[in-house]
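J.: Give me a 3D structure for the following:
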Amino acid sequence: MALARKSGLGLTVPKPPTVNPFINQTPPLSGIRACTLGITGLTLLPVRLSLSVVNIGLIAVFSNLASMFLTPEDLERDPLSTVRRAVRSPIWYLMRFQLFLLGYHWIDIKGRAAPRKEAPVLIANHTSFVDPLYMATFHAAAPVSRAENATMPVIGGIIKAFQTLFVNRAGSPEERLAIKEKIGRRAADDRMLHLLIFPEATCTNGRAVISFKLGAFAPLRPVQPVTITYPLHGGFDHSWVHGGPGLLTIFLSLMTQFSNSMQVRYLPVIKPDPPAKGVAEGSTAHVVAFARKAQLAMAEAMGVPATQHSFLDVILGGEAVKRQYPPGAVVPELEAFRDVLKLDIKAASKMLEAFVKADTDKDGCLDEHEWVEFFVKRNEASLSPADSAIHREQLRSLFATLDTSESGKLDFREFLSGLAILTGRSKADPSAIFRALFRAITVGKGATVGRQQFESLARRAFPESDPADAGAAFDAARGDASEVDEEAFVAYLSKRAELVDAYRTALLDVTVDPKRAAAPPGGEGRCSAAPSARVAPEPGT
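T.: Now for the predicted structure:
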């Protein structure tokens, strides 16, 4: 992960990653490449495709015979019998032939798999369907898969023959504990095949090793990392990512190339270190450190960065695709924000929706004009011309605060982190948010808030309040001074926490209650207070 930087809101947030692991890198089709594909598509593809249909059919037959009448519970409890293993044995040769049909005539392999007693768990990076095909062919490793896959036609029988460890989706803490225990039992049973886990839990383009799920590491058993990379051959990238080619397209594209390249490296076995001082053995922190150690080792071996991208970024990319927006523009590395923001995927998705609407030219960034117009249009009809002019100036000031790169544009990462902070999803000192609000209201640092500006904001925050209440609140905030300076404003809001949501909502008109993250932006209620709320002075004034 890149070094952190200080945002304009007083919060230390990570710098944006230097790579996007969820973009397919296949270049535009050149004339020569098109001619080559035309020739191989007419000659090589029909032969390979016909042989693949027969070959996959044979794999399915032998797999289903080997696992016939066995339930997932049977497969989890005991190894296959000698007879079933004999029936299964032709599969390895058929799978190697399938790799040959996909253009992998020769595979560059360095190192070897450690015996199961030394490393019961194999972990690998994940790019496409070719990864598990290689691991199954050369190791007969048992993957971890969703329980519903066991009942899939054809595929279900094939993966059952490998004694796949089937698990239910982890939703509750109890389900996560059940998965951890299942993996632990399988890892401890040396009668079984190696356990194969792709800890990234999604496909990437191989330009980074993203954050690992903890399932492979929770039992604290030794793991052996395996890196599988595919040097671009003929300009085709077969990574299965959002916005890239689909599974069928990848399959056919591999077959239209005379040969494809694969490099496999077996790394030394990695064991968990003793827990750090104050960290309990087997605790989440201990497991995270083990997973991070393995991630860094794989990234170093591949010559790529270890980032904190995660499956949450994949979900966000999918939301972008649904909105016909480039998924590559909205990969903020959400996992990196966990230490500083209280942000879940629902809240991030709602902010993505706002970002897509605001980005009128669809260039992946917001300039100052797009930022101002998006928020002004939400409540411009209810503002007087004077209030509207003040509101625009305040939004321009806030834009400059959020523009941490000083590029004159906000990317989705800056937009997301800035709004998350301003809408109450920050773990930062609240006074930093109060100061950011003050500087937006005053359009600059070192200024003061006059009665007109203060009352303008109050009218937007509480449109049904008595105007006299805004004046009373101003008098309470300024004390003996003629205007409200930054320190007085921060001190006032620190005592009047119920006003903070109303004031920042008046600036941005976005949902501020984290419990209402699923509510649409600009929905009912422009502030957390009831419509009839009044801007009252402090008690006793």
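J.: which residue ranges form the strands in the stretch 251-400 of the chain?
T.: Applying DSSP state E, counting those that start in this stretch to the stretch 251-400 of the chain gives strands spanning 263-266, 365-367.
J.: got any ranges where the stretch 251-400 of the chain has weak pLDDT?
T.: Judged by pLDDT under 70, the stretch 251-400 of the chain has its weakly predicted residues at 331-332, 336-343, 378-384, 386-387, 390.
J.: center of this structure - which residue?
T.: Centrality entry for the chain: nearest residue to the mean C-alpha point is D313, 2.1 Å, by CA atoms, centre = their mean.
J.: and the strands of the stretch 251-400 of the chain as TSV, adding distance to H194 and mean neighbour count?
T.: All C-beta atoms are positioned from the backbone trio N, CA, C, and that covers glycine. Shown next, in TSV, are the strands of the stretch 251-400 of the chain (distance: least, CB to CB, whole Å; neighbours: other CB atoms under 10 Å):
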stretch	distance to H194	mean neighbour count
strand 263-266	12	16
strand 365-367	46	20
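J.: Distance to G278 added to the ones you listed, as CSV?
T.: Shown next, in CSV, are those (distance: least, CB to CB, whole Å):
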stretch, distance to G278
strand 263-266, 35
strand 365-367, 43
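J.: Surely the residue nearest to the centre of the chain is in contact with E200?
T.: No. Counting by CB atoms under 8 Å, D313 stays clear of E200, with 11.2 Å between them.
J.: Mutual contacts of these two, please.
T.: Shared contacts of D313 and E200 (CB atoms under 8 Å, 6 or more residues apart in numbering): I210.
J.: Count the neighbours of R33 for me.
T.: Look at R33: counted by other CB atoms under 10 Å, it has 14 neighbours.
J.: Let me know the pLDDT of it.
T.: R33 is assigned a predicted lDDT (pLDDT) of 72.
J.: Phi and psi next, for A124.
T.: Main-chain torsions, A124, degrees, to the nearest 10: phi -150, psi 150.
J.: Report the separation between the nearest residue to it once chain neighbours are set aside and A113.
T.: Distances taken as CB to CB, 6 or more residues apart in numbering place V226 nearest to A124, at 4.4 Å, with adjacent residues excluded. Distance of V226 to A113, computed by CB to CB, to the nearest Å: 8 Å.
J.: go on, S283?
T.: Using CB to CB, which is the criterion applied here, S283 is 30 Å from A113.
J.: Who has more neighbours out of the two?
T.: Using other CB under 10 Å as the criterion, S283 and A113 rank with A113 on top: 17 against 11.
J.: and that one, how far is that from A141?
T.: Distance of A113 to A141, computed by CB to CB: 9 Å.
J.: Spit out the residues that contact those two alike.
T.: Residues touching both A113 and A141 (CB under 8 Å, 6+ apart) are 122, 194.
J.: so what's R265 closest to, chain neighbours aside?
T.: Per CB to CB, 6+ apart, closest to R265 is T227, 4.7 Å.
J.: what is the mean pLDDT for stretch 231-247?
T.: What stretch 231-247 shows for mean pLDDT is 78.
J.: Enumerate the positions of that stretch that are buried.
T.: For stretch 231-247, a neighbour-count test (16 or more other CB atoms under 10 Å) marks 233-234, 236-242, 244-245 as buried.
J.: Could you single out the nearest of the residues you listed to A301?
T.: Nearest to A301, judged by CB to CB, of the buried residues of stretch 231-247 is S239 at 18.3 Å.
J.: could you give the mean pLDDT of stretch 134-146?
T.: So the average pLDDT for stretch 134-146 ends up being 87.
J.: Stretch 189-207 now?
T.: So the average pLDDT for stretch 189-207 ends up being 90.
J.: What are the buried residues along it?
T.: By 16+ other CB under 10 Å, the buried positions in stretch 189-207 come out as 189, 192-207.
J.: try stretch 90-109
T.: 91, 94-99, 101-104, 107.
J.: And stretch 116-135, by the same measure?
T.: Within stretch 116-135, the residues scored as buried using 16+ other CB under 10 Å are 116, 119-128, 130-135.
J.: Tell me where the stretch 201-350 of the chain has helices.
T.: 247-255, 284-302, 311-322, 345-358 (DSSP state H, counting those that start in this stretch).
J.: got it, and the stretch 51-200 of the chain?
T.: Per DSSP H, counting those that start in this stretch, the stretch 51-200 of the chain carries helices over the ranges 72-77, 82-88, 90-101, 130-139, 155-161, 173-188.
J.: got these as JSON lines, with distance to K293 columns?
T.: Formatted as JSON lines, those follow (distance: least, CB to CB, whole Å):
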{"stretch": "helix 72-77", "distance to K293": "29"}
{"stretch": "helix 82-88", "distance to K293": "35"}
{"stretch": "helix 90-101", "distance to K293": "31"}
{"stretch": "helix 130-139", "distance to K293": "22"}
{"stretch": "helix 155-161", "distance to K293": "29"}
{"stretch": "helix 173-188", "distance to K293": "17"}
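J.: doesn't N149 make contact with V167?
T.: No. Counting by CB under 8 Å, V167 does not reach N149; the two are 10.2 Å apart.
J.: More neighbours: which of these two?
T.: V167 (19 against 15).
J.: Which residue of this protein lies farthest from its centroid?
T.: No residue in the chain sits farther from the centre than D480, which is 50.6 Å out by CA atoms, centre = their mean.
J.: Against T40, how distant is that residue?
T.: 84 Å.
J.: what's the closest of the helices of the stretch 201-350 of the chain to K377?
T.: helix 345-358 (9.7 Å).
J.: Report the inter-axis angle for that closest one versus helix 311-322.
T.: 40 degrees (axes from the mean of the first three to the mean of the last three CA atoms, to 10 degrees).
J.: OK, contacts around V264?
T.: Each residue near V264 by CB under 8 Å, 6+ apart is listed here: 107-110, 134, 226-228.
J.: what do you get for F374?
T.: 354, 357-358, 366.
J.: The same query, at a cut-off of 6 Å, please.
T.: Contact partners of F374, counting by CB atoms under 6 Å, 6 or more residues apart in numbering, are A358.
J.: Ok, which of the helices of the stretch 201-350 of the chain comes nearest A60?
T.: Nearest of those to A60, taken as CB to CB: helix 247-255 at 16.1 Å.
J.: what sits up against the closest one?
T.: 45, 48, 102-103, 236, 238, 260.
J.: Can you report phi and psi for the residue nearest to S283 when sequence neighbours are not counted?
T.: Ranked by CB to CB, 6+ apart and with sequence neighbours excluded, the top spatial neighbour of S283 is P275, at 7.1 Å. Dihedral pair for P275: phi -60, psi 150, per degrees, to the nearest 10.
J.: where's P275 relative to V269, distance?
T.: 19 Å.
J.: so what's the residue nearest to G111 when sequence neighbours are not counted up against?
T.: Leaving aside its chain neighbours, G111 sits nearest to Y266 (3.0 Å; criterion: CB to CB, 6+ apart). By CB under 6 Å, 6+ apart, the contact list for Y266 reads 111-112, 226.
J.: List the contacts of the nearest residue to I59 once chain neighbours are set aside.
T.: In this structure, I59 finds its nearest non-sequential neighbour in L94, 4.9 Å apart by CB to CB, 6+ apart. Neighbour list for L94: 55, 58-59 [criterion: CB under 6 Å, 6+ apart].
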